[in-house]
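Participant: Return a 3D structure for these sequence lines:
(one chain, ligands or ions: 1)
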Amino acid sequence: MDYSQKISKRHWNQPDKGEREVAREQTFIDDIVQKSHIEKELLANLTGIETVFDGGGGSGRFSILLAAHGCHVTHFDISKPMLDKASQLAKAAGVEERITFVLGALEDLSAYADRSFDLVISFDAPISYTWPNQEQVIANLVRICKKRIMLSVSSRLGTLPYLANPTSKNQFILNPDCGDPYVDWCILNYQNAIDQFSFNQPACMDLLEHGRMGGDAEIAEYEKGGAPWPITYTFLPDELSRILHENGVKNIQLAGPGAYARTIPNEILCKIMRDPAQKSAFLDFCHIFDQNPYVCGMGKDNLFAKGEIL
Ligand SMILES: C[S@@+](CC[C@H](N)C(=O)[O-])C[C@H]1O[C@@H](n2cnc3c(N)ncnc32)[C@H](O)[C@@H]1O
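Facilitator: Below you'll find the model as predicted:
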């Protein structure tokens with residue numbers, strides 16, 4: 001097993017992971033924008049879709065939505081806490097009979113025959129945690145897909161600004177008093193992050209050229225018993241498009257959810273989020289803006305792709 005799979009498994013199997021994942025849309029505006037973009041795409045593309053494979057489905061944000069729309073979903077994830085949380089939420093939503101929960105790693109999809117599922121989805125970067133096997137994982141996700149595929153992976157151009165802005169998550173805090181430990185950390189660490197910062201051009205060039213975040217330090221921490229953030233492979237737009245194209249996917253379209261929102265200061269974003277009418281109109285506009293091919297690489301964290309198997 002590769003280190004990235006081992007590290008990802010330990011990281012996502014921390015007991016509080018399911019609970020933390022569910023809270024993200026209550027705590028961070030970039031998560032609201034990103035999930036809203038994906039939800040709009042899913043709901044607009046359900047014609048002819050009965051069966052779905054959700055690879056790295058997490059706490060069920062999208063598998064429960066699709067089951068509520070009548071789909072039969074295979075919810076596949078490397079994390080038991082995530083599956084437990086998703087199962088609990090599926091029961092509460094009354095859709096558990098339409099979801100099959102499977103513990104497994106995307107690196108091995110041999111249990112599934114070619115063209116098994118009408119729709120294959122994998123959102124918010126599970127594929128990026130499978131380095132160095134990410135191309136083979138995408139090939140297998142395409143292999144088991146019959147009609148439509150939608151993915152979101154870590155975006156290289158979208159991630160590079162983090163290297164010159166260690167406080168970037170603060171821009172998206174919805175409520176500083178919510179008590180979430182990560183929100184508290186972002187606020188407490190704000191000044192320290194600025195004081196300690198110096199621009200590291202070689203690190204930027206390395207990420208731009210090779211795409212990988214994390215490596216030796218994460219492996220060392222893992223070996224000491226820690227649970228570091230997974231080694232993450234970030235994709236360039238042309239690269240993701242090429243991989244899908246080489247595997248026979250047609251009508252490929254990319255988007256960068258969060259590209260519009262990241263240009264707006266926290267005070268204004270919070271104001272928009274607190275007014276339901278403005279929030280709805282804003283998320284509709286973000287969905288349109290973020291689909292423009294000229295901004296697709298500059299999404300907040302993720303690069304989204306959809307395509308068809310003809
Ligand atoms: C950020 S969460 C996204 C969850 C969900 N797709 C969503 O968009 O709300 C990433 C998920 O990928 C899963 N994951 C990470 N590496 C994986 C792997 N190699 N195989 C399967 N799942 C994996 C994690 O356990 C976690 O649930």
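
Participant: in what helix or strand does the closest residue to Ala93 other than its chain neighbours lie?
Facilitator: Nearest residue to Ala93, sequence neighbours excluded (Cβ to Cβ, 6 or more residues apart in numbering): Ile64, at 5.3 Å. Using the backbone N, CA and C atoms, a C-beta is placed for each residue, glycine as well. Per DSSP states H and E: Ile64 is located in helix 63-68.

Participant: cool, Val73 as well?
Facilitator: Here Val73 is assigned to strand 72-77, by DSSP H and E.

Participant: Pull out the buried residues from that strand.
Facilitator: His72, Val73, Thr74, His75, Phe76, Asp77 (16 or more other Cβ atoms under 10 Å).

Participant: cool, stretch 114-121 as well?
Facilitator: For stretch 114-121, by 16+ other Cβ under 10 Å, it's Ser116, Phe117, Asp118, Leu119, Val120, Ile121.

Participant: any idea how far it is from the chain center?
Facilitator: Remark: stretch 114-121 is offset 19 Å from the chain centroid, using Cα atoms, centre = their mean, to the nearest Å.

Participant: For the ligand, what's its nearest residue on this protein.
Facilitator: Gly58 (2.4 Å; Cβ to the nearest ligand atom).

Participant: give the contact list for that residue.
Facilitator: Gly18, Glu21, Asp77, Ser79, Met82, Ala86, Asp124 (Cβ atoms under 8 Å, 6 or more residues apart in numbering).

Participant: Please repeat the previous calculation with a cut-off of 6 Å.
Facilitator: Residues in contact with Gly58 (Cβ atoms under 6 Å, 6 or more residues apart in numbering) are Glu21, Met82.

Participant: can you list the residues of this protein near the ligand?
Facilitator: 5, 8, 12, 21, 56-58, 61, 77-79, 82, 105-107, 123-126, 129-130 (Cβ under 6 Å from any ligand atom).

Participant: what residues does the strand holding Val73 touch?
Facilitator: Contacts for strand 72-77 (Cβ under 6 Å, 6+ apart): 51-57, 63, 66-67, 83, 86, 98-102, 104.

Participant: picking up where we left off before, could you identify the most distant pair in the buried residues of stretch 114-121?
Facilitator: Using Cβ to Cβ, the buried residues of stretch 114-121 reach their maximum pairwise distance at Ser116 and Ile121, which is 13.6 Å.

Participant: all helices of the chain, in order?
Facilitator: 3-12, 17-27, 29-44, 63-68, 80-92, 134-143, 156-159, 181-188, 190-196, 201-210, 216-223, 237-246, 266-274, 276-289 (DSSP state H).

Participant: Now the longest one: average pLDDT?
Facilitator: Taken as a whole, helix 29-44 has a mean pLDDT of 97.

Participant: Nearest to Pro257, out of the helices of the chain?
Facilitator: Once the helices of the chain are compared by Cβ to Cβ, helix 29-44 is nearest, at 3.8 Å.

Participant: how big is the angle separating the closest one from helix 276-289?
Facilitator: 70 degrees (axes from the mean of the first three to the mean of the last three Cα atoms, to 10 degrees).

Participant: mind listing what's buried in helix 29-44?
Facilitator: 29-38, 40-42.

Participant: What lies in contact with it?
Facilitator: 24-25, 123, 172, 174, 257-258, 261, 269, 273, 283, 286-287, 300, 302.

Participant: Select the helix or strand of this protein having the lowest average pLDDT value.
Facilitator: Least confident helix or strand of the chain, by mean pLDDT, DSSP states H and E, is helix 17-27 with a mean of 85.

Participant: Who are the packing partners of that one?
Facilitator: Counting contacts by 3 or more Cβ pairs under 6 Å, 6 or more residues apart in numbering; DSSP states H and E, helix 17-27 is packed against helix 29-44, helix 80-92.

Participant: ok, now which ones touch Gly57?
Facilitator: Ser63, His75, Asp77 are the contacts of Gly57 under Cβ under 6 Å, 6+ apart.

Participant: my read: Met150 touches Ile121, true?
Facilitator: Yes. With contact defined as Cβ atoms under 6 Å, Met150 reaches Ile121; the gap is 4.9 Å.

Participant: In space, what's closest to the most centrally placed residue in the chain - neighbours in sequence excluded?
Facilitator: Centrality entry for the chain: nearest residue to the mean C-alpha point is Asp124, 0.7 Å, by Cα atoms, centre = their mean. Counting by Cβ to Cβ, 6+ apart, the nearest residue to Asp124 once its immediate chain neighbours are dropped is Ser152, at 5.8 Å.
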